[in-house]
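# next one to model:
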Amino acid sequence: MISKKKILTMGLACLFVVNLAGCGKKQAQTGAKEVNVKTMKVIKRDTPITYDYTGFVEAKDEVQIKSRVTGTIVKKLVNGGDIVEAGQLLYVIDPRNYQNTVLQAQANLANAQANLANVQRDQARYQTLYDQGAVAKQTLDNYNMQLQQAQATVNAQQALVASAQVDMGETNIVAPFSGKVDTNCLNEGSIVTAQTTVLTSISNSDPMRVKFSLAENDYLKLMNGNTANGGELKDVTLQLSDGSIYPQKGAVNQVDRSVDSTTGTLTLKAQFPNPTGVLLPGMFAKITVVGSTRPNAILIPQRAVTDLMYKHFVNVITSDNKVEMREVQLGVRIGRLWMVESGLDGTETIVVEGTQKVAKGSSVKPEMITEKDLDTGDTSSN
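Numbers count the residues shown, from 1 in each chain. Below you'll find the model as predicted:
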């Protein structure tokens with residue numbers, strides 16, 4: 001006979017199997033339910049290919065202001081952050097020693113000139129005597145030599161006077177060009193050493209440049225894509241560190257002479273107008289350069305792409321509203337869009353929202369939206 005315990009065990013097992021069957025049937029019914037998703041037509045249009053690089057803002061002209069003479073600052077006529085004009089007086093180095101040097105040089109010159117005058121008279125007198133046959137040729141030669149020496153001494157003293165006057169003038173430190181002064185300025189009373197001590201720095205503010213580097217292959221692509229412009233890279237866009245787009249367009253106006261053999265990159269500089277002074281040296285910036293234009297490029301939103309095992313997939317909606325996973329090869333990024341190199345022909349409708357809720361073969365209830373609804377414009381926040 002079968003014991004009550006075995007009967008009870010068999011009953012529970014049957015009940016478990018029934019429950020599993022019921023759950024499986026319920027799950028199957030649930031899986032058959034249509035999933036609400038947002039879909040859109042694949043975008044197909046002529047698209048400029050852009051390249052993004054990071055760089056730093058720098059002044060077109062920037063220089064450290066150093067004194068050409070040694071001395072003590074007796075006047076400071078500028079404050080840190082001031083805007084100055086070319087030729088504006090910034091500092092005065094104590095000029096008294098240099099004034100004395102000029103006076104001494106002028107006195108030495110006067111003595112040399114007086115001596116030259118005496119020698120000239122003697123030489124003229126002995127030239128007459130020689131012509132009369134009253135003195136020997138050697139005597140005249142001696143006076144001719146003295147005349148040359150006296151003239152050389154005058155020339156040397158004139159050079160010393162000129163040099164002393166230059167040094168005297170260098171006690172006035174002026175701005176070499178119009179620009180903005182650094183906040184680190186030496187104060188009155190500071191002792192400066194010629195050609196060594198930095199009094200301040202000055203840089204221009206308009207225009208400004210952005211320095212960035214790119215790979216050799218990118219440079220060749222950019223050049224090939226701008227053959228109509230004679231190889232000039234124009235229409236350069238600048239994005240600042242806060243994500244805002246700088247309103248002025250720039251153009252690349254400097255390309256380094258060679259590719260760095262260590263990094264394989266080339267350094268470029270793009271110049272931007274800066275009438276409001278927003279751009280400052282040292283700012284971080286993102287550069288976007290336009291290359292060639294791809295005709296009838298196929299574009300899809302980044303959010304429509306699913307990555308699996310280093311491959312890229314999109315969910316394509318079939319004619320009976322089923323989901324078909326399609327592998328795609330992606331190209332460059334255009335704003336918040338990917339350019340598709342292969343896998344789509346541009347006629348498909350794809351899932352752009354709700355991709356995490358569907359799988360291959362899922363039935364969906366599509367809601368068509370447009371590119372405008374997704375805001376696929378170019379931003380760097382992604």
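
# all contacts plus neighbour counts: C-alpha atoms, from now on.
OK.

# element containing Leu140?
helix 137-169 (DSSP states H and E).

# against Ser201, how distant is Val174?
As judged by Cα to Cα, to the nearest Å, Val174 and Ser201 stand 12 Å apart.

# quick one, phi psi at Asn111?
For Asn111, the backbone dihedrals (degrees, to the nearest 10) come out as phi -60, psi -40.

# so what pLDDT did it get?
We have a pLDDT of 95 for Asn111.

# what does Val340 give?
Note on Val340: pLDDT of 91.

# Asn229 too?
pLDDT, the model's per-residue confidence, is 57 for Asn229.

# beta-bridge partners for Ser203, please?
Beta bridges link Ser203 to Glu62, Lys180, judged by DSSP bridges.

# next one: the one 5 residues further on
Each beta-bridge partner of Met208 is listed here: Ala59, Phe272, as defined by DSSP bridges.

# all strands of the stretch 51-200 of the chain, in order?
62-66, 71-76, 83-84, 89-93, 172-174, 179-181, 191-192, 198-203 (DSSP state E, counting those that start in this stretch).

# how distant is the last one from the center of its chain?
Going back to what we said before, that points to strand 198-203. Strand 198-203 sits 21 Å away from the centroid of its parent chain (Cα atoms, centre = their mean, to the nearest Å).

# relative orientation of that strand and strand 71-76 in degrees?
Angle of strand 198-203 versus strand 71-76, following axes from the mean of the first three to the mean of the last three Cα atoms, to 10 degrees, is 50 degrees.

# output the contacting helices and strands for strand 198-203.
Contact here means 3 or more Cα pairs under 8 Å, 6 or more residues apart in numbering; DSSP states H and E; on that basis strand 198-203 packs against strand 62-66, strand 179-181.

# residue ranges with poor pLDDT in this structure?
Applying pLDDT under 70 to the chain picks out residues 1-32, 225-231, 375-382.

# if we can go back for a sec, buried stuff in the helix holding Leu140?
Neighbour-count burial for helix 137-169 flags 140, 143-144, 146-147, 150-151, 153-154, 157-158, 160-161, 164-165, 167-169 (criterion: 16 or more other Cα atoms under 10 Å).

# now do stretch 245-261
Buried residues in stretch 245-261, defined by neighbour count with 16+ other Cα under 10 Å: Ile245, Tyr246, Gly250, Ala251, Val252, Val259.

# and the end-to-end length of that stretch?
Stretch 245-261 has its terminal residues 33 Å apart, counting by Cα to Cα.

# now what about it, what contacts it?
Applying Cα atoms under 8 Å, 6 or more residues apart in numbering, the contact partners of stretch 245-261 are 216, 232-240, 265-274.

# over to stretch 293-311?
Under the contact criterion Cα under 8 Å, 6+ apart, stretch 293-311 has outside partners 42-49, 225, 312-315, 327-328, 336-341, 344-346, 350-353, 355, 376.

# and it, end to end?
One end of stretch 293-311 sits 26 Å from the other (Cα to Cα).

# now it: buried residues?
Residues of stretch 293-311 classed as buried: Ala297, Ile298, Leu299, Ile300, Pro301, Gln302, Arg303, Ala304, Val305, Thr306 (neighbour count, 16+ other Cα under 10 Å).

# name the nearest residue to Leu147, ignoring sequence neighbours.
Closest residue to Leu147 apart from its sequence neighbours, by Cα to Cα, 6 or more residues apart in numbering: Val119 at 5.6 Å.

# give the contact list for the one you found.
For Val119, the contacting residues are Tyr143, Gln146, Leu147, Ala150, by Cα under 8 Å, 6+ apart.

# before we move on, what about Tyr126?
Residues near Tyr126 by Cα under 8 Å, 6+ apart: Val135, Thr139, Leu140, Tyr143.

# was I right about the last one contacting Asn118?
No: proximity of Tyr143 to Asn118 does not meet the contact threshold set by Cα atoms under 8 Å, at 10.9 Å.

# ok so, going back, so can I have TSV of the helices and strands packed on strand 198-203 showing mean neighbour count?
What follows is the helices and strands packed on strand 198-203, written out as TSV (neighbours: other Cα atoms under 10 Å):
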stretch	mean neighbour count
strand 62-66	17
strand 179-181	22
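
# switch those strands over to JSON lines; also include distance to Leu90.
Conversion of the helices and strands packed on strand 198-203 to JSON lines gives the following (distance: least, Cα to Cα, whole Å):
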{"stretch": "strand 62-66", "distance to Leu90": "10"}
{"stretch": "strand 179-181", "distance to Leu90": "10"}
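
# and of those, who's closest to Gly80?
Closest to Gly80 of the helices and strands packed on strand 198-203 is strand 179-181 (Cα to Cα; 5.7 Å).

# now do the closest one: which elements does it pack against?
Where contact means 3+ Cα pairs under 8 Å, 6+ apart, strand 179-181 is packed against strand 83-84, strand 198-203.

# which of those strands sits most buried?
Sort the helices and strands packed on strand 179-181 by mean neighbour count, taking mean count of other Cα atoms under 10 Å, and strand 198-203 sits at the top with a mean of 21.

# quick check: angle from that strand to strand 89-93?
170 degrees.

# how far off strand 62-66 does strand 198-203 point, in degrees?
Per the same axes, to 10 degrees, the angle that strand 198-203 makes with strand 62-66 is 160 degrees.
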